[in-house]
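>>> sequence and predicted structure, then a few things I'm wondering about:
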Amino acid sequence: LGYELLMPYGPIMAGEFKLPEGMTFEQARCQMEIDPDFPDIAYMDPWSLLEPDHYPNDPWFYELSGPEEDTYQWYLFDQEWGQPDYDVNAPNGWAIELGSNDIVVAVIDTGVDRDTPDLSYCLTEHGWNMWGEYPPLRWANLMVEQGGTPHDMHSVGWRHGTMVTSLIRADTNNFEKISGGAWGGKVLPINVSQPWGAIEGQWLSLTLFLLCEQVGMIYFPGLNLPHYNVKVINMSLGGPLRNSIQLIMLWQLSFRAVNVASVGNSAHVGNPMQYPAALEPKGYDPSYTWVTWLADVRDDTVLSVTAHDRAGERPYWAQYYDPDIGHFFDWVDVSAPGTTYYPEIGERKGILVLAPDADYREVSGTSFSAPLTSALALLKFSQNPDASGWFVHDAIKNSTRDDPPLQDPKLPERIDYEYALQYGGGQ
């Protein structure tokens, strides 16, 4: 009948056959059952192609395996079958792209604790410590002479930068603790914080200036900085005052990188617009010629992220666009998980992150929604290393998911790793 024996399995009386072109498995099964050359066939199976499993082996990724049996990483993949899920759909995204160590995410925060397990292999060789006693230009070279990674400057017991970094790039699939949003990639930790947590605008402005030099948008002679392929900039920080210098820097960075910023946690105290999340040319008076010129080229420079909980609700503190109180443009782009709601006890406890003073910590805030979005941008750049910052920004913003819809109409649609990695188009 035209069958071709590809591989006999003599000892177990079995074999692998290639069917004639155009013949289906069911047709072959029916014919071989009556063919005298194939007596006593007990069982037949079609040949199938297996795909790798993209569910990590990190123990706290899974339900009921966290330290208190309710602290697991639902925000990456919610495993409560039969219930609406509001996670980022990470495993289906990882089946498309795991992340490349050639892509670097700059985390502008409080530094990072390199001694934290699950993080040490995911950091660049050098970090930047922007806070100190040295004048900016002298400091720019001194920071490399000192070498190493800036220790997390935040007060003991609350290492904000370390926790943010763990959501992007905790070492994944290594049988240890939690999974990060990406399996590959590097984090450039940048400290702009004083030890008690305050951040000075001048240090953020200088950081953005130096990042413009890193991505090749400007050239500043005399800098002695190691070059990293920075493609994503995470800013889990903000304040009520806008800065025009920072706007120009972010606008330049948006050509080649994605600027991700948290929108803030002050919805319950006036819901003011927060910067840099709202630093867009369209947010300025159009009578300023220079702003009009920027907006004509690109008016969307920051990917601003708010938070939802496991039930799809907006936490009372998560900020949102509200024209009724004077928000003069829609400055909130996407939503990502930022806290956990336990309906059985009516309590929010936070999402699971690494902390240097303990194995884990449960935290809440838009500060932790932003890094989940930055991890997605890392994956998108890994998938297409030559993509522009504009393309990756728009791919994430235009591929959001609304099924099931979030429960608060004030929230924008939520990010989805699979949807964004399937998003096509130009570069």
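Cool, got the structure.
>>> what does residue 99 show for phi and psi?
The phi/psi pair for residue 99 (degrees, to the nearest 10) reads phi 110, psi 140.
>>> same deal with residue 88?
With angles defined as degrees, to the nearest 10, residue 88 sits at phi -90, psi 0.
>>> dump the residue contacts of the closest residue to it other than its chain neighbours.
Distance criterion C-beta to C-beta, 6 or more residues apart in numbering; nearest residue to residue 88, sequence neighbours excluded, is residue 417 at 5.3 Å. C-beta here means a position set from N, CA and C on the backbone, and glycine is covered the same way. Residue 417 is in contact with 88-90, 92-94, 181, 376, 379, counting by C-beta atoms under 8 Å, 6 or more residues apart in numbering.
>>> which one of these sits in the busiest neighbourhood?
Highest neighbour count within the contacts of residue 417, by other C-beta atoms under 10 Å: residue 376, with 33 neighbours.
>>> would you check how far apart that one and residue 87 are?
For residue 376, the distance to residue 87 equals 12 Å [C-beta to C-beta, to the nearest Å].
>>> now do the helix or strand hosting residue 105: which elements does it pack against?
Element membership of residue 105, judged by DSSP states H and E, is strand 104-109. Secondary-structure packing of strand 104-109 (3 or more C-beta pairs under 8 Å, 6 or more residues apart in numbering; DSSP states H and E): helix 160-169, strand 186-191, helix 201-214, strand 230-235, helix 369-383.
>>> wait, residue 57 sits on residue 173?
Yes - counting by C-beta atoms under 8 Å, residue 57 sits close enough to residue 173 to count as a contact (5.6 Å).
>>> more neighbours: these two, which one.
Using other C-beta under 10 Å, the more surrounded residue of residue 57 and residue 173 is residue 173, with 17 against 13.
>>> how about the nearest residue to the more buried one once chain neighbours are set aside, what does it touch?
Distances taken as C-beta to C-beta, 6+ apart put residue 56 closest to residue 173, at 4.2 Å, once the chain neighbours are dropped. Shown in contact with residue 56 (C-beta under 8 Å, 6+ apart): 172-173, 179, 183.
>>> quick one: the strands in the stretch 1-150 of the chain, in order.
Listed from the start of the chain, the stretch 1-150 of the chain has strands (DSSP state E, counting those that start in this stretch) covering 4-9, 14-18, 104-109, 128-129.
>>> who does the last one pair up with?
This points to strand 128-129. strand 186-191 (parallel) (DSSP bridges).
>>> what is the mean pLDDT for stretch 404-421?
Averaging pLDDT along stretch 404-421 gives 95.
>>> just the CA atoms of that stretch, as CSV, please.
Output in CSV follows, covering the C-alpha atoms of stretch 404-421 (Å, rounded to 0.1, in the frame of the first residue of the first chain):
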residue,chain,number,x,y,z
PRO,A,404,-12.3,39.0,30.8
PRO,A,405,-12.5,42.7,31.2
LEU,A,406,-11.2,44.4,34.3
GLN,A,407,-13.9,45.2,36.8
ASP,A,408,-13.3,48.9,37.2
PRO,A,409,-14.1,51.1,34.1
LYS,A,410,-11.5,53.6,35.3
LEU,A,411,-8.7,51.0,34.5
PRO,A,412,-7.2,50.8,31.0
GLU,A,413,-6.9,47.3,29.5
ARG,A,414,-4.2,44.9,30.9
ILE,A,415,-1.0,43.7,29.5
ASP,A,416,-0.7,40.1,28.1
TYR,A,417,2.6,38.5,27.3
GLU,A,418,1.3,36.2,24.6
TYR,A,419,-0.7,38.9,22.9
ALA,A,420,2.2,41.4,22.8
LEU,A,421,4.7,38.8,21.5
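>>> okay then, goodbye and thanks.
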